[in-house]
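*Asks:* My questions concern the predicted model and sequence given below.
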2 protein chains.
Amino acid sequence: MAQKQFSVRIYIDADLSQDKGVVLDKTQAHYVVTVMRRKIGDEIVLFNGRDGEWVGKVQEVRKSHALINLISCLREQAAEPDIHLVFSPVKKIQNALIVQKATELGVSELIPVQTLRTNSDRPREDKMVLQAIEAAEQSERLTIPIIQQTQKLEKYLAKMEPDRALIFCHERHDSKDPISVLSGLTISNKFAVLVGPEGGFSDAERKMIMSCDNSHTLGLGPRILRAETAVVSALSLLQAVRGDWQ
Amino acid sequence: MAQKQFSVRIYIDADLSQDKGVVLDKTQAHYVVTVMRRKIGDEIVLFNGRDGEWVGKVQEVRKSHALINLISCLREQAAEPDIHLVFSPVKKIQNALIVQKATELGVSELIPVQTLRTNSDRPREDKMVLQAIEAAEQSERLTIPIIQQTQKLEKYLAKMEPDRALIFCHERHDSKDPISVLSGLTISNKFAVLVGPEGGFSDAERKMIMSCDNSHTLGLGPRILRAETAVVSALSLLQAVRGDWQ
């Protein structure tokens, strides 16, 4: 894909501003110095989700930390699409793929939900945060998506804002074509994309979802898609029609 | 996702027709009998890419094979979109994901191409065929995509049919929005989606691609996507705008 100008890009919690020094912790310093072989004087890129993207110079290297001096702002912080991904946790590897892909595709929040046919251990939200940080660093996002605690599907639906469009992904659904469905969502620019478990939603769940205000069914073609494929397909269509790919 | 009526679905090379008996080989019989625990009298689903999809009854079970009696045709064979996926092979796991996802998303041919920055061992086309068969069985496709031998990018481009639209995936490309690009492809319904290696195409390659007749650049948003994500994104958009998701 597109060639990157800087190949070391790190998410850090500290504030970022002109000429400031920031400290990388032991893990980050190890990554920059030992894995990526950056030396004193080399440049790396930093972002914190608030202050844009900065280029900084490695100034000091220790085993326990590294010091980076911020040089200039590469990109200002900018508003990002407000897209929730509501998904049933799946097996470990697939779950990691969902977090990675949703982050690459610019979702603002990931909400794991328990459904009748959810067939997985309770997902580790702490691991999902690390997976999202890694994907944000590599995809050159300016933010990290929020990972919510796993909750019951009913609970998420009950507290959903009234002006958020719920996009219910449903393969083999003989609905209008997906592009018209998405371009017809005129209520607001807040979206929740809902992808079910491998066995599908139960009839009762489907009824509950479809009876929500602002619920719209999105067909994803005549073939059965795996959960992580449906996530990428639906988010790509949404970003292209209503998000920041336009 | 959608619940399946039959959960054992097998690709077989034999001709399929009413009341015919077909023989599953040792591996297939093991899958049906030992893994999926089907017994004599149980129903399974078969397809061969030519004769539609059939339901058959297990009639005889041996260690070396199983005999299935075909009962009725569930779906007639139907024409599928003519979509080539032209991609630079990547690491083993990512490559398997590309084959799996492209099959789920209905491509007709997969063409691995060598580019300047292709950084992988020569992919095993025989393994890719098995991955494609598995994905076709699970996604309820009626065909198996063709896996071409790995070839040089130049070679593929040089022998491309003049009426096939080449869709060149390019993140961060400041082009028109992707939906208009795809809906503007009016030459034919034959497409080739081209996704590059992780490091991107070289300048010379980019020039060569963009100078092809019928080459169209497709922007995939402001973030950097992994190769397998770009594959799913581009194919989903194409199927939604020009393929069988409409």
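*Replies:* Ah, there it is. Numbers count the residues shown, from 1 in each chain, chains lettered A, B, ... in the order given.

*Asks:* and the residue sitting nearest the centre point of chain A, what is it in contact with?
*Replies:* Per CA atoms, centre = their mean, the C-alpha nearest to the average position across chain A is that of A:T103, at 2.5 Å. By CB atoms under 8 Å, 6 or more residues apart in numbering or on different chains, the contact list for A:T103 reads A:Q131, A:A132, A:A135, A:A136, A:S139, A:R141, A:I144, A:P145. (Glycine included, C-beta is placed from N, CA and C.)

*Asks:* I figured the third one hits A:Q100, correct?
*Replies:* Spelled out, that is A:A135. Yes: in this structure, A:A135 is within contact of A:Q100 by CB atoms under 8 Å, at 4.4 Å.

*Asks:* what's next to stretch A:184-198, contact-wise?
*Replies:* With CB under 8 Å, 6+ apart as the test, stretch A:184-198 has contacts from A:81-88, A:90, A:107, A:111, A:115, A:117-119, A:160-161, A:163-169, A:205, A:209, A:214, A:216, A:226-227, A:230-231, A:234-235, A:238, A:242, B:1.

*Asks:* which among these end up buried?
*Replies:* Buried residues within these, counting neighbours by 16 or more other CB atoms under 10 Å in any protein chain shown: A:81-88, A:90, A:107, A:111, A:115, A:117-118, A:160, A:164-169, A:205, A:209, A:214, A:216, A:226-227, A:230-231, A:234-235, A:238, A:242, B:1.

*Asks:* Doesn't A:L70 belong to a strand?
*Replies:* Yes: applying DSSP: H, G, I helix; E, B strand; the rest coil, one finds A:L70 inside a strand.

*Asks:* Spit out the contact partners of it.
*Replies:* Applying CB under 8 Å, 6+ apart to A:L70 gives the contacts A:L16, A:S17, A:Q18, A:D19, A:K20, A:G21, A:V22, A:L46, A:W54, A:V55, A:G56.

*Asks:* In PyMOL, how would I select the buried members of these?
*Replies:* Paste this into PyMOL to select the buried members of the contacts of A:L70, with burial taken from 16+ other CB under 10 Å:
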select buried, chain A and resi 16+22+46+54+55+56
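
*Asks:* Any chance of a markdown table for the contacts of A:L70, columns secondary structure, pLDDT and distance to chain B?
*Replies:* Shown next, in a markdown table, are those (DSSP: H, G, I helix; E, B strand; the rest coil; pLDDT from 0 to 100; distance: CB to the nearest CB, whole Å):
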| residue | secondary structure | pLDDT | distance to chain B |
| --- | --- | --- | --- |
| A:L16 | coil | 98 | 20 |
| A:S17 | coil | 97 | 24 |
| A:Q18 | coil | 96 | 24 |
| A:D19 | coil | 95 | 28 |
| A:K20 | coil | 96 | 26 |
| A:G21 | strand | 96 | 28 |
| A:V22 | strand | 97 | 23 |
| A:L46 | strand | 97 | 17 |
| A:W54 | strand | 97 | 18 |
| A:V55 | strand | 97 | 17 |
| A:G56 | strand | 97 | 20 |
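
*Asks:* could the contacts of A:L70 be laid out in CSV, adding distance to B:V35?
*Replies:* Putting these into CSV (distance: CB to CB, whole Å) gives the following:
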residue, distance to B:V35
A:L16, 54
A:S17, 59
A:Q18, 62
A:D19, 63
A:K20, 59
A:G21, 59
A:V22, 54
A:L46, 49
A:W54, 53
A:V55, 54
A:G56, 54
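
*Asks:* which residues does A:K57 bridge with?
*Replies:* According to DSSP bridges, the residues that bridge with A:K57 are A:E43, A:N69.

*Asks:* Make sure it is actually in contact with A:I68.
*Replies:* Yes: with contacts counted by CB under 8 Å, A:K57 reaches A:I68, the gap being 6.8 Å.

*Asks:* Looking at those two, which has the bigger crowd around it?
*Replies:* Applying other CB atoms under 10 Å in any protein chain shown to A:K57 and A:I68 shows that A:I68 carries more neighbours, namely 28 against 15.
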